[in-house]
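Visitor: can't give you the sequence, but here's the structure:
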């Protein structure tokens with residue numbers, strides 16, 4: 001136990017010291033020393049409405065007084081029905097049934113299992129394989145980790161993972177197929193799409209159950225949006241080969257990209273949308289999936305109406321109450337309008353920052369989910385060595401200054417590639433965005449000094 005901190009917490013990293021947060025105020029978190037941190041990433045792109053909203057806490061407390069827990073195998077609550085109805089009405093027209101879980105990993109695990117059962121009970125028992133995408137993240141359960149393409153997280157558990165297939169996601173800034181976006185558009189031919197069909201045919205369409213993808217690649221690539229037409233072609237492939245299309249909106253759902261769901265912007269209807277994070281704005285562990293009518297019809301016709309699956313805390317009344325209260329705030333505070341306005345403003349400010357700092361090679365994203373790609377030298381496109389931990393180091397400097405971003409590595413091939421996600425609460429104001437950009441600017445200056453080991457760049461605050 002030498003070198004291990006003498007407390008009882010199983011820390012994410014036993015070699016790190018973590019500030020103890022006592023409370024939050026809007027876009028700020030405050031630690032026990034009184035230091036304020038501007039939450040420029042909404043925790044893990046989850047605290048969409050900021051911190052300290054009394055109405056959400058009160059709604060949770062009121063529900064706990066009435067019934068803190070019921071098991072959905074035997075009972076349901078009014079709150080469960082109310083939240084399901086609200087979410088169902090927000091989703092595309094033919095996705096009407098909502099299944100609740102406690103986190104995005106469980107939501108994606110549920111979607112993978114539902115796709116499998118749907119095919120099996122329809123008389124296609126061979127359909128069991130899933131195709132995911134490299135540099136994507138769908139969760140940390142064995143099933144969701146198998147479907148995802150997070151190389152670093154997968155590496156430790158490779159012997160335990162399911163034999164799922166993967167293709168590259170469309171990353172036009174650094175196309176893994178060495179294509180140019182203009183050429184793809186002109187020829188209406190995307191290698192990132194034809195590669196999906198290649199894999200389907202290699203596996204045998206009769207064996208493929210589902211294709212899963214984020215509409216905007218989040219934590220593993222740093223807010224990379226798809227090129228125009230990509231998802232329409234993916235939808236066509238899934239229809240052609242009878243494959244369930246699962247769109248993972250755990251990070252992008254509930255206004256993060258400027259619409260209720262990012263699928264509204266990519267012009268397709270998924271078979272299953274998974275969600276999480278923003279549905280309760282981080283106030284309670286809540287997530288789930290929204291399911292297309294045709295899958296529900298399959299369950300009723302072929303499965304005696306039963307999904308062979310379940311979690312103890314599915315539809316937990318207190319968590320569901322948090323979701324209801326959060327959606328009320330989204331509506332009454334006109335959050336979607338704010339995201340569109342502030343997202344455009346933040347994007348422009350970050351483009352200005354790119355001109356100033358040669359460490360930024362790309363600014364991308366939608367709404368208030370924006371990523372910057374970090375390189376050692378933009379002019380010669382020199383990448384950071386993974387050992388330099390550039391994104392993590394830059395974020396550590398920002399935390400010293402009093403701002404928190406979302407660093408990531410491996411965006412190019414799972415090992416190389418550094419990025420930072422800027423994703424503040426959706427209620428953020430222009431002055432707060434200016435403060436975020438100012439702190440990021442100062443962090444980049446200090447980062448440059450540390451790389452050069454120039455003592456004059458040390459933080460004086």
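Guide: Yep, it's here. Please read all numbers here as calculations on a predicted model, not as lab measurements.

Visitor: Now do the same contact list for the residue positioned nearest the centre of the chain.
Guide: Centre of the chain computed as the mean C-alpha position; nearest residue by C-alpha atoms, centre = their mean is residue 251, 2.8 Å away. Residues in contact with residue 251 (C-beta atoms under 8 Å, 6 or more residues apart in numbering) are 45, 104, 214, 216, 218-219, 277, 369. Using the backbone N, CA and C atoms, a C-beta is placed for each residue, glycine as well.

Visitor: again with residue 258
Guide: Per C-beta under 8 Å, 6+ apart, neighbours of residue 258: 265, 336, 339-340, 343, 366-368.

Visitor: now, which of the residues you listed sits nearest residue 77?
Guide: Nearest to residue 77 out of these is residue 336 (C-beta to C-beta; 27.8 Å).

Visitor: Could you check the pLDDT of that closest one?
Guide: Predicted confidence (pLDDT) for residue 336: 97.

Visitor: Which SSE is immediately downstream of the helix or strand of the chain with the lowest mean pLDDT?
Guide: When the helices and strands of the chain are scored by mean pLDDT, DSSP states H and E, helix 181-187 comes last with a mean of 86. Downstream of helix 181-187, the next assigned helix or strand under DSSP states H and E is helix 191-203.

Visitor: mind listing the strands for the stretch 351-461 of the chain?
Guide: For the stretch 351-461 of the chain, the strands defined by DSSP state E, counting those that start in this stretch cover 360-366, 369-374, 403-404, 406-409, 418-422.

Visitor: Ok, which of those comes nearest residue 159?
Guide: The closest of those to residue 159 is strand 406-409. By C-beta to C-beta, the value is 23.4 Å.

Visitor: which one of the contacts of residue 258 has the most neighbours?
Guide: Within the contacts of residue 258, most neighbours by other C-beta atoms under 10 Å means residue 368, with 29 neighbours.

Visitor: what ranges of the stretch 1-150 of the chain fall below the confidence cut-off?
Guide: Along the stretch 1-150 of the chain, segments meeting pLDDT under 70 span 1-3.

Visitor: Quick one: the strands in it, in order.
Guide: 21-25, 28-31, 36-39, 95-101, 129-134.

Visitor: Let me see the domain layout of the chain.
Guide: According to automatic domain parsing, the chain comprises the domains 21-52+334-457, 55-332.

Visitor: Out of these, which gets nearest to residue 4?
Guide: That would be domain 55-332 among the domains of the chain, by C-beta to C-beta, at 20.2 Å.

Visitor: re earlier: dump the contacts of residue 251 to TSV, plus neighbour count and distance to residue 187.
Guide: Shown next, in TSV, are those (neighbours: other C-beta atoms under 10 Å; distance: C-beta to C-beta, whole Å):
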residue	neighbour count	distance to residue 187
45	23	35
104	26	36
214	26	25
216	25	24
218	28	29
219	22	32
277	26	37
369	27	30
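
Visitor: Take those residues and keep only those in helices.
Guide: 45, 104 (DSSP state H).

Visitor: so which of the contacts of residue 251 would you say is closest to residue 313?
Guide: Distance ranking of the contacts of residue 251 against residue 313, using C-beta to C-beta, places residue 104 first at 14.2 Å.

Visitor: who are the neighbours in contact with the closest one?
Guide: 138-139, 248, 250-251, 274-277, 287.

Visitor: same thing with residue 339?
Guide: With contact set as C-beta under 8 Å, 6+ apart, residue 339 has these partners: 255-258, 367-368, 426.

Visitor: Next, format the residues you listed as a markdown table and append distance to residue 70.
Guide: Formatted as a markdown table, these follow (distance: C-beta to C-beta, whole Å):
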| residue | distance to residue 70 |
| --- | --- |
| 255 | 29 |
| 256 | 30 |
| 257 | 34 |
| 258 | 36 |
| 367 | 36 |
| 368 | 35 |
| 426 | 31 |
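
Visitor: Run through who's touching the helix or strand encompassing residue 152.
Guide: Using DSSP H and E, residue 152 maps to helix 151-156. Outside helix 151-156, the residues that touch it by C-beta under 8 Å, 6+ apart are 134-135, 137, 140, 145-146, 148, 161, 409-410, 413-415.

Visitor: Show me what the mean pLDDT comes to for that helix.
Guide: Helix 151-156 carries an average pLDDT of 94.

Visitor: Dump the strands of the stretch 1-150 of the chain to JSON lines, plus distance to residue 237.
Guide: Compiled in JSON lines, the strands of the stretch 1-150 of the chain are given as follows (distance: least, C-beta to C-beta, whole Å):
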{"stretch": "strand 21-25", "distance to residue 237": "44"}
{"stretch": "strand 28-31", "distance to residue 237": "43"}
{"stretch": "strand 36-39", "distance to residue 237": "39"}
{"stretch": "strand 95-101", "distance to residue 237": "20"}
{"stretch": "strand 129-134", "distance to residue 237": "10"}
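
Visitor: Output those in a markdown table; the columns should cover mean neighbour count and distance to residue 318.
Guide: Shown next, in a markdown table, are the strands of the stretch 1-150 of the chain (neighbours: other C-beta atoms under 10 Å; distance: least, C-beta to C-beta, whole Å):
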| stretch | mean neighbour count | distance to residue 318 |
| --- | --- | --- |
| strand 21-25 | 13 | 19 |
| strand 28-31 | 18 | 23 |
| strand 36-39 | 20 | 23 |
| strand 95-101 | 23 | 12 |
| strand 129-134 | 24 | 33 |
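
Visitor: Alright, I will stop here.
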